[in-house]
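Student: The following comprises the amino acid sequence and a computationally predicted model.
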Amino acid sequence: MAENPISGDFNSLSLNENEGSVEAGPLPLVVCFGEMLIDFVPTVGGVSLAEAPSFKKAPGGAPANVAVCIAKLGGSAAFIGKVGNDEFGHMLADTLKENKVDNSGVRFDHNARTALAFVTLRADGEREFMFYRNPSADMLLHESELDTHLIKKATIFHYGSISLIEEPCKSTHLAAMGIAKNAGILLSYDPNLRLALWPSEDSAREGIMSVWDQADFIKISEEEISFLTQGDDPQDDDVVMTKLFHPNLRLLLVSEGKAGCRYYTKKFKGRVPGVKVKSVDTTGAGDAFTGAVLFCLASDVNLLEDEEKLREALVFANACGALTVTKNGAIPALPTKEEVEQIIGQVSE
């Protein structure tokens with residue numbers, strides 16, 4: 001597998017600078033679909049949820065994090081989903097707006113509450129989740145509430161698997177994918193496995209894989225590879241290519257945390273090393289990585305066919321994910337394009 005040193009020629013990537021154009025067109029839009037919720041995180045690290053003395057709230061939800069990441073990098077992003085018509089729901093909608101994410105696709109449920117998640121990183125390094133959604137508003141988005149015009153404006157339509165667990169959101173998710181696919185929009189999928197939300201392991205595998213073959217781009221973790229293949233070696237290229245790479249897929253990325261990532265296309269495969277930083281909080285790092293990849297991809301879809309350009313985009317995405325772990329929280333820690341380019345410059349020196 002190719003593993004070239006980090007290239008200092010990062011400026012060759014087209015990242016919406018418009019090359020001095022007087023009449024710059026609208027930025028390519030990434031529409032993110034799914035859940036947005038409130039994360040409650042312990043005020044001290046390394047404890048279980050039961051041991052936590054107190055919690056602080058933070059906006060969360062992987063698709064929403066991805067949308068904010070893209071916008072903070074200078075791209076164009078929109079979010080489609082449902083929250084409760086409550087204080088937390090309006091706070092989340094405002095958070096999107098404050099971060100320059102189009103929130104016109106957000107709907108408010110007058111009966112169900114905004115989803116809550118308590119999450120902690122225990123002393124043994126394992127994350128512990130407890131969700132409150134019985135049902136929560138995000139599960140109750142109906143197809144009739146979809147902003148189809150917004151979907152059709154997208155260059156990329158991005159989603160996870162949590163919105164596939166329960167009806168009516170599952171049917172709404174599938175309908176939105178169909179609208180995007182029929183409009184020739186690239187489909188981006190990050191399964192974002194949260195086993196505690198599924199009825200069983202088998203239902204999680206079945207649900208995640210039910211839309212697998214429709215995606216143009218998939219980002220997956222090594223843990224998710226092991227889960228979906230029922231214990232196969234996540235670092236085995238043959239496992240990835242035979243069990244997870246499908247004929248319609250244009251790019252499969254395997255995130256390796258601080259080690260970096262691997263990439264697979266029909267023409268080439270390789271690995272890009274991570275950027276070393278001091279980790280404070282890993283929350284949202286994967287979403288930052290995904291958001292940065294989509295930011296680059298929306299700007300230049302041709303990088304799917306150009307390994308050098310793809311590697312440069314992945315250097316950028318690894319750096320974006322790395323910067324996110326140097327601060328607390330997901331959305332507050334998401335970096336700007338200038339901050340990402342600065343750390344790439346420092347690593348390249």
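Tutor: Received it, and whenever you're ready, just let me know what you need.
Student: so what's the backbone phi/psi at residue 153?
Tutor: phi -80, psi -10 (degrees, to the nearest 10).
Student: in this protein, which spans are strands?
Tutor: 29-33, 37-42, 55-60, 76-84, 102-109, 116-121, 127-132, 156-159, 186-189, 217-221, 251-255, 260-264, 269-273 (DSSP state E).
Student: The longest one pairs with which strands?
Tutor: Pointing back at strand 76-84 there. strand 29-33 (parallel), strand 102-109 (parallel) (DSSP bridges).
Student: Flag every buried residue along the last one.
Tutor: What it means is strand 102-109. Within strand 102-109, the residues that count as buried by 16 or more other C-beta atoms under 10 Å are 102-103, 105-109. Where you see a C-beta, it was placed from the backbone N, CA and C, and this is true even at glycine.
Student: now the stretch 101-250 of the chain, which segments are flagged as low pLDDT?
Tutor: Under the criterion pLDDT under 70, the flagged ranges of the stretch 101-250 of the chain are 125-126.
Student: just the helices in it please.
Tutor: Using DSSP state H, counting those that start in this stretch, the helices assigned to the stretch 101-250 of the chain run over residues 148-152, 169-182, 201-209, 222-228, 237-239.
Student: Out of the ones you listed, flag the one nearest residue 140.
Tutor: helix 169-182 (6.7 Å; C-beta to C-beta).
Student: between the closest one and helix 201-209, how many degrees?
Tutor: 30 degrees (axes from the mean of the first three to the mean of the last three C-alpha atoms, to 10 degrees).
Student: circling back: make a markdown table from the strands paired with strand 76-84 and add distance to residue 69 to it.
Tutor: Output for these, formatted as a markdown table (distance: least, C-beta to C-beta, whole Å):
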| stretch | distance to residue 69 |
| --- | --- |
| strand 29-33 | 10 |
| strand 102-109 | 14 |
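Student: returning to what we had before: tell me which of the buried residues of strand 102-109 is nearest to residue 145?
Tutor: residue 107 (4.8 Å).
Student: ok, how many other residues are close to residue 158?
Tutor: Residue 158 has 30 neighbours, counted by other C-beta atoms under 10 Å.
Student: how near is it to residue 258?
Tutor: 24 Å (C-beta to C-beta, to the nearest Å).
Student: Now for residue 153: which residues touch it?
Tutor: By C-beta atoms under 8 Å, 6 or more residues apart in numbering, the contact set of residue 153 is 29, 31.
Student: how close does it get to residue 212?
Tutor: Residue 153 is 26 Å from residue 212, where distance means C-beta to C-beta.
Student: swap in residue 156?
Tutor: In terms of C-beta to C-beta, residue 156 sits 17 Å off from residue 212.
Student: Quick check: mean pLDDT of the longest helix along the chain?
Tutor: Identified as the longest helix of the chain according to DSSP state H is helix 307-324. Across helix 307-324, pLDDT averages out at 97.
Student: elements contacting that helix?
Tutor: Applying 3 or more C-beta pairs under 8 Å, 6 or more residues apart in numbering; DSSP states H and E, one finds that helix 307-324 contacts strand 251-255, strand 260-264, strand 269-273, helix 285-299, helix 337-348.
Student: Give the buried residues for the last one.
Tutor: So that's helix 337-348. Result for helix 337-348 [16+ other C-beta under 10 Å]: buried residues 337, 340-341, 343-344, 347.
Student: In a markdown table: those, plus distance to residue 197 and pLDDT.
Tutor: Output for the buried residues of helix 337-348, formatted as a markdown table (distance: C-beta to C-beta, whole Å; pLDDT from 0 to 100):
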| residue | distance to residue 197 | pLDDT |
| --- | --- | --- |
| 337 | 33 | 97 |
| 340 | 31 | 96 |
| 341 | 37 | 95 |
| 343 | 34 | 93 |
| 344 | 36 | 93 |
| 347 | 37 | 78 |
